[in-house]
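Peer 1: got a structure for you, letters missing:
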């Protein structure tokens, strides 16, 4: 049922992006003052990588929507990032919860600084759920590319280890939170952060795995 819902949402999204059969990512434009628009080259680069190394047809331009917009409701794959404060209204929290339970997927990538507010706001969305850490043996790290050490560490901030945290409904992953990793920085144009090829490749492979896993649920 969840897979059917996800595929249906993807097909609807393709109709409106006018790229038949194409997969895209919708970045959430949230309130609170945080830089929801951070890392502008990251998603186009990731989607280009997915197109090159998988058989998934993609729309390489990211989509952007506020929670509750028509585009939001047509989007099965959501992405949220930033450095600053995130704020959901009560309506936002209810709408996001409903959309995720209906089959959508959310990847949240902490770009260093959004952790406290993101966890606070997700408690509004799913007050009954606890974050579960995904071990390196989880399928998400091996579904397309093999990442035996789990979530790659792109940038160092507080000397904390990278963690992939999930919120589940039964066995379905609703939300993936990549913490202390900075995947989005690893997806950006090479000249932005000057990360070496190995780090950028690991970040892009992890991003690809997340997409492939979300589509396979």
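Peer 2: Good, I have the coordinates. What you see is a predicted model; the values in this text were computed from it and never measured.
Peer 1: from here on, contacts and neighbour counts on C-alpha atoms
Peer 2: Will do.
Peer 1: Quick check: bridge partners of residue 109?
Peer 2: Residue 109 has these beta-bridge partners by DSSP bridges: residue 81, residue 178.
Peer 1: Tell me the helices and strands packed up against the helix or strand residue 174 falls within.
Peer 2: According to DSSP states H and E, residue 174 maps onto strand 172-179. Packing partners of strand 172-179 (3 or more Cα pairs under 8 Å, 6 or more residues apart in numbering; DSSP states H and E): strand 105-110, strand 163-169.
Peer 1: Quick one: closest of those strands to residue 26.
Peer 2: Nearest to residue 26, of all the helices and strands packed on strand 172-179, is strand 105-110, at 9.5 Å by Cα to Cα.
Peer 1: so residue 97 makes contact with residue 127?
Peer 2: No: here residue 97 lies out of contact with residue 127, judged by Cα atoms under 8 Å, at a distance of 10.3 Å.
Peer 1: Looking at the two, which is more packed in?
Peer 2: Neighbour totals were compared for residue 97 and residue 127, and residue 97 leads with 17 against 10 (other Cα atoms under 10 Å).
Peer 1: Can you give me the first-to-last residue distance of stretch 189-196?
Peer 2: 11 Å (Cα to Cα, to the nearest Å).
Peer 1: should've said stretch 155-163
Peer 2: In terms of Cα to Cα, the two terminal residues of stretch 155-163 are separated by 13 Å.
Peer 1: mind checking which helix or strand residue 192 is in?
Peer 2: Under the criterion of DSSP H and E, residue 192 resides in helix 190-193.
Peer 1: Can you name every helix or strand that that helix contacts?
Peer 2: Of the remaining helices and strands, none touches helix 190-193 by 3+ Cα pairs under 8 Å, 6+ apart.
Peer 1: C-terminal to it, what's the next element?
Peer 2: Along the chain past helix 190-193, the next helix or strand (assigned with DSSP H and E) turns out to be helix 197-216.
Peer 1: just checking, what packs against that next one?
Peer 2: So helix 197-216, by 3+ Cα pairs under 8 Å, 6+ apart, packs with helix 2-17, helix 42-53, helix 183-187.
Peer 1: In this structure, where is pLDDT below threshold?
Peer 2: Filtered on pLDDT under 70, the chain yields the residue ranges 1-21.
Peer 1: Kindly recompute the last result at 90.
Peer 2: For the chain, applying pLDDT under 90 flags the ranges 1-21, 155-160, 190-196.
Peer 1: Look up how far residue 93 lies from the residue positioned nearest the centre of it.
Peer 2: With distances taken as Cα atoms, centre = their mean, residue 107 lies nearest the centre of the chain, 2.2 Å away. Per Cα to Cα, residue 107 is found 16 Å from residue 93.
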